[in-house]
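1. Next one to model:
(3 chains)
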Amino acid sequence: MKLPKSFYLREDTLLIAKELIGKFVFTKIDGNLTGGMIVETEAYIGPFDAGSHAFNNRKTPKNATMFEAGGVAYLYICYGIHDMLNVVTGEAGSSHAILIRAFEPMVGIETMQQRRGNVPLKRLAKGPGSLAKALGLNKSFDKERLTGDLIWIEDQGLIITPENIKATGRVGLSCAEPYFSIPWRFCLSGNAFVSKG
DNA sequence: TATGGGATTACCT
DNA sequence: GGTAATCCCATAC
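-> Alright, predicted model coming up:
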């Protein structure tokens, strides 16, 4: 079943980030259904997190989407090249978000390979930039609802036990401690599609 | 109006 | 394992 808006509106973003492991993310763009099982996420707790765009409640036109109520997508361009898919969580104004870093391809693999340039299956959606590209997403999908028919996340009843979720420091940040090594990255232990570690 | 940096990836050795 | 590619936008002048 498609996750309802209430799933995203909760304030416990770290819990949601863990719960997203083993869920299924899909997009349907130009009639092409693509997606797979989420195996890696990172939490960004806006106001209290120097690694977040919204640290100290810093609000700009660029990150305004993070201040929306939960249940929308926040797409951000990094290094001018890579689009990244985030899930906004919490009530309006919380500025919490979760970066989807990797999924295991399941549906529409041919379409995703065309978008990615026929890279091997193992690299299809490994890493946030690759993932967004495989799903056909870019900044024009910023602020798109996750409860509509364009981008959504499903619970397919898969149970992931806590022992199978590994928490580590986040990747790619250049911010100061303790934010650099705080374990707010979650991945499915031993899964071959996790981007790192 | 000018400038610097960024939640990365891919390719070369 | 190291490094170049690449471009939007927030900040400063």
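
2. Let's check: the centremost residue of chain A is which one?
-> Centrality entry for chain A: nearest residue to the mean C-alpha point is A:I100, 1.9 Å, by Cα atoms, centre = their mean.

3. contacting residues for the residue lying closest to that one once chain neighbours are set aside?
-> Spatial nearest neighbour of A:I100, chain neighbours left out: A:L85 (4.9 Å); criterion: Cβ to Cβ, 6 or more residues apart in numbering. Every residue, glycine included, has its C-beta placed from N, CA and C. Residues in contact with A:L85 (Cβ atoms under 8 Å, 6 or more residues apart in numbering) are A:25, A:73-75, A:99-100, A:128, A:131-132, A:135, A:137.

4. can you give me the helices in chain A?
-> For chain A, the helices defined by DSSP state H cover A:5-9, A:13-20, A:109-116, A:128-134.

5. Is the lengthiest strand in chain A in proximity to DNA strand B?
-> Longest strand in chain A by number of residues, with DSSP state E as the criterion: strand A:32-45. Yes. Using Cβ under 7 Å from any atom of the strand, we find that strand A:32-45 touches DNA strand B at A:42, A:44.

6. Tell me the helices and strands packed up against that strand.
-> helix A:13-20, strand A:24-29, strand A:96-107, helix A:109-116, strand A:185-188 (3 or more Cβ pairs under 8 Å, 6 or more residues apart in numbering; DSSP states H and E).

7. still on that earlier bit, who wins on neighbours among the contacts of A:L85?
-> A:L131 (30 neighbours; other Cβ atoms under 10 Å).

8. Out of the contacts of A:L85, the closest to A:E11 would be?
-> Of all the contacts of A:L85, A:Y74 has the smallest distance to A:E11: 17.0 Å, by Cβ to Cβ.

9. Hmm, the closest one is touching A:T65, no?
-> Yes. A:Y74 is within contact range of A:T65, at 4.3 Å (criterion: Cβ atoms under 8 Å).
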